Each structure stands twice: as structure tokens, then as C-alpha cells.
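Student: predicted coordinates and the sequence they were generated for:
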Amino acid sequence: MTDGPRLATTGEGTGAGHPPETANLGRAQIGSPGVPGVPFGEPDVPRPSPDGTAQEAPRAPDGQEPRQDAPARTLRALLLGLRQEARSGTVRVSGTPGGTIHLRDGLIVAIESPGTPSVESALLKSGRIDEEGWARALATARETGAEGDALGATLVAQGLVGAVELEVLCAATVFEGAFALSLGRTAEWETAEPSPVLRCGPGIEPRAAAEETTRRLAMVSRLWGPAAELARARTRPSSQAERAAGRLPRRYQSLLTAANGRRTPRDLAFVLGRGLFGVMVDLIRMNDLELLQWEGARPAGRPSTAPRLIPTEQSPPPAPSATLPRRVPRARPDRLGP
Amino acid sequence: MSAIEASLSELLKTPGLTGAALVDGVTGLTYGAVGDAPEAGDGAETAELTALITDQVGRAAADNELESVIVTSARRYLVVQTVRRTGDPLLLVAALDRSRTNLALATRQLTAHAEGLAA
């Protein structure tokens, strides 16, 4: 269920397979500013680059460890490279929202970002686990010495959450984190030794995370407009929403209750302990059902309510920017200028 | 093997069942798949189709929530079972060979499995 014995919870021990490279990981390796916009989801990013860090093809001609002489140009390329080298560690991404990507054997086991709720926040906010049970599990996990990595197993062992449920939640949060990171401008990143984190399951292939992020960005763009703008939009129930309330799924009802005209999709995600993309998908669908009104003007160029089962890439995405007010995100302490 | 795949694998004992997947009902993300995975279809498309049907079901009557979608073709069944949980709903998708499947029995087993998943 978990990965191999190379999973270390401290900085030591990860070097077994790759002594020189793992040692390098400890030194902060500042990524170049990279491509602004959607570094995680950019579909054609890992094209071969002169510095030799972005390809997937083996770079070592004589079976040596691949060298990382120059920093990767994008986050995606960096993660694919680290996967190839089966590294365990932490990638700290600065910027807005920024976040921390946890790797074990190159697989993404967790992404923590202020852009979407963490697994812990989802477990507590949704009421799956109460504070008391959480504190107890945390204490037990601490006794075993590896609080972060053992916490997931402890939660399952104490019957606070099912193994499948926790694994679903951990996987969902990794993809939500990747999506949240892709909405911000990624200024730079640095890699560091592994740090303990709540995780479960084998982890996610960076390639799968990148492809899914690309799909998500394309889906929001197709059905609504630029995802970064939806992330800033504030919404409240429309006059029709109340009449329809009894006939709506509970998920929509709780979104309508929480949407007060001041909250962005990110705020709603935190209030409800749900993922950012999941909230966005529901808001788009609810908008099509005319259950929402947006602060300022309605999104313009909204496509028809007909579901698009076949992607229509040819049609240009609608441009709600024309009428939707651009909100300046509130300054957060973690914010670095783009 | 992940806990998700281990759980799905139990379904492969169901007579006629050739493939199964666990899909996020909102985001369309496939959490795991066993057997002949392509037969269970694309997770994102399944979620989109199910969401459309969910809206219809809601319109039909108040407090009415979708439980399952069964697609019958000449040779196969595709059963999409909603897994209710505290968080966003999951979809348990199963592909079945029609000639070897007792649909009533299979859907009962899927329902029971879905309840176990949410526990």
C-alpha cells in the first residue's frame, strides 16, 4: 500500500539508492523563473531543452546517474526529472498561491497549498473526524516517531477513517493541489529533504498529475472561461435558487448556503472542506442551471447549458473578462510578487 | 496494491463482471481501475453523463437523488452506482458481459460494495 522502504521521514536514509543526487537535493536548488501562467498543466512543456533537464529520455549515455546540472525550466519538467531519479523530497513553490509538493520515490504523495484545503482540513471541516479523534491519532503517531507519514495509517488503525476513503481523499487532494498551483504564477521553487506529511497510498505519477491538470484547465476554459478568473469570481444564489432548493442535490444546497457574494470558489472550498476544482465544476453547472448570480456582471459569453461530451477545441473559449470585474486577490503573507 | 484497487478487485468475483473503476462523481478523476479498465469507460465522461442525469432526476421530484445508471447494449451492461459519502459522491463503474450476468444479482452486489466503500 505504501511505497518501499526508501521512504524516509527525515532527511537521512533517502540516499541509499542515489548517494550523490540525494545529497544535492538538500541544497536549495532555485528554479529559474520558468514559464509564467500554468507551469503544472502546460501540455507541451517538457520539450527537450539545451540544459538537458526537461526530457524524459535517459540522459546518461554510459549508465551513470543522470545529472541535474541546470535547474529545470518548469515545475512539470522538474517533477518528471525527479520521478525518473526516484527521488524523495520536498519541492517548495513560492508565488500565489504557492505550495509544497511532497515526493517519495519521485511519486507525488501530497501537495499542500493555500489554494485548496489539505487532507487534514478536508477530514476535519467535513466532520469525518472530530478534533478530539484527530488529536488522539496525532499523539499516537508521534509516539511511533514518524508523525506525518504514520498519521494516515494511525487514522485508519483507530477506525477514524476507512483505508479506501483516506486513499481517495489523499489522491483527490494531490490533484486539487496541482490544479491550484497551476492557477497561480509560479515565481520559483526550491527542493529540500523529505518532510513528514499526512499521506496514504502509493502516490501519484507526476505525469498523471500534469495531464489531469491540463484536462481540468481545458474543461473550465471550455465551459466557463479562464480558470484563474473563475477562481477570483464571487457569487451568491440567484432568485431562482430558493424555488429550486428542494430539488437540488445536497451538494448544491450547501454551496448555495455558503455562497454569500463575498466568497470566491477557493473560499467556498475551505468553508466546505472540498477541493477547489470540485467546487468550480459545481459552480459552473449551477450557473448553467441559473442558480447563481455573480457579483458585478454575469459572466458573458456563457456557452449553452447543453453538455459537451465531445470537446470542442476549435471554438474559442468564452471571454467573461469583458464584463466580469477583476478582483485583486487579498494580499496573503505567503505572497511574493509575480 | 493500493487499498482502492484491493477493494475493487473483490468485484471481479462477480459472475460476468469484466472491469470496474472508482471515479470521482464531481471531478471525473479515476481513483482506481481493475480488470478490463477501458470497458469501464473514461471517468471524466462518466461523471459528466451522470451529472446530467442527476439534474434530470432532481427535476423529476423533490429530495430525489440518483442511485444508479444502467446502460444496456446488445452484448454488455454498464452499471454506474453512486457511492454516497461525507464528501463528494463517488461512482462505482462496472462493465458486465450480458450473456453471463444476472443483472439483478449484480446490481445488488454493486450496491452492497458501494456501501462498504463509503464505510
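Tutor: Received it, and whenever you're ready, just let me know what you need.

Student: measure how far the lowest-mean-pLDDT helix or strand in chain B is from the centre of its chain, please.
Tutor: For chain B, the helix or strand with the lowest mean confidence is helix B:43-60, at a mean of 89 (criterion: mean pLDDT, DSSP states H and E). Relative to its parent chain, helix B:43-60 has a centroid offset of 13 Å by Cα atoms, centre = their mean, to the nearest Å.

Student: which of the residues in it are buried?
Tutor: Burial within helix B:43-60, assessed by neighbour count using 16 or more other Cβ atoms under 10 Å in any protein chain shown, is assigned to B:Gly43, B:Ala44, B:Thr46, B:Ala47, B:Glu48, B:Leu49, B:Thr50, B:Ala51, B:Thr54, B:Asp55, B:Val57, B:Gly58. Where C-beta positions appear, they are placed from N, C-alpha and C, glycine not excepted.

Student: grab the nearest non-local neighbour of the last one.
Tutor: This points to B:Gly58. Nearest residue to B:Gly58, sequence neighbours excluded (Cβ to Cβ, 6 or more residues apart in numbering or on different chains): A:Arg247, at 4.6 Å.

Student: okay, that neighbour and A:Thr96: tell me how far apart.
Tutor: In this view, A:Arg247 and A:Thr96 are 38 Å apart by Cβ to Cβ, to the nearest Å.

Student: please apply the same query to A:Pro114.
Tutor: From A:Pro114 over to A:Thr96 (counting by Cβ to Cβ), the distance is 8 Å.

Student: how about B:Gly41?
Tutor: B:Gly41 sits at a distance of 37 Å from A:Thr96 (criterion: Cβ to Cβ).

Student: with A:Asp105 instead?
Tutor: As judged by Cβ to Cβ, A:Asp105 and A:Thr96 stand 30 Å apart.

Student: one step back: which is the next helix or strand following the least confident helix or strand of chain B?
Tutor: Scanning forward in sequence from helix B:43-60, with DSSP states H and E defining helices and strands, the next element found is strand B:68-72.

Student: any idea of the mean pLDDT in the helix or strand following that next one?
Tutor: Per DSSP H and E, the first helix or strand lying C-terminal to strand B:68-72 is strand B:76-83. When pLDDT is averaged over strand B:76-83, the result is 95.

Student: and what of stretch A:132-139?
Tutor: Here the average pLDDT along stretch A:132-139 is 88.

Student: identify all contacting residues around that stretch.
Tutor: Identification of contacts with stretch A:132-139 by Cβ atoms under 8 Å, 6 or more residues apart in numbering or on different chains yields A:Glu120, A:Leu123, A:Leu124, A:Ile129, A:Glu147, A:Leu151, A:Thr154, A:Leu155, A:Gln158, A:Leu160.

Student: for the nearest residue to the first one once chain neighbours are set aside, helix, strand, or coil?
Tutor: Sequence neighbours aside, A:Leu198 is the residue nearest to A:Glu120 in space, at 5.8 Å (criterion: Cβ to Cβ, 6+ apart). Per DSSP: H, G, I helix; E, B strand; the rest coil, the local secondary structure of A:Leu198 is coil.

Student: who are the contact partners of A:Leu198?
Tutor: Residues near A:Leu198 by Cβ under 8 Å, 6+ apart: A:Ala110, A:Ser118, A:Val119, A:Glu120, A:Gly148, A:Leu151, A:Gly152, A:Cys170.

Student: how close does it sit to A:Ala178?
Tutor: When Cβ to Cβ is the yardstick, A:Leu198 and A:Ala178 sit 17 Å from each other.

Student: what does A:Leu268 give?
Tutor: Between A:Leu268 and A:Ala178 the computed distance is 19 Å (Cβ to Cβ).

Student: between those two, which one's more packed in?
Tutor: A:Ala178 (30 against 22; other Cβ atoms under 10 Å in any protein chain shown).

Student: who touches the nearest residue to A:Lys125 once chain neighbours are set aside in this structure?
Tutor: Computed as Cβ to Cβ, 6+ apart, the closest residue to A:Lys125 that is not its neighbour in sequence is A:Gly273, at 2.8 Å. For A:Gly273, the contacting residues are A:Pro117, A:Ser121, A:Ala122, A:Leu123, A:Leu124, A:Lys125, A:Ser126, B:Gly87, by Cβ under 8 Å, 6+ apart.
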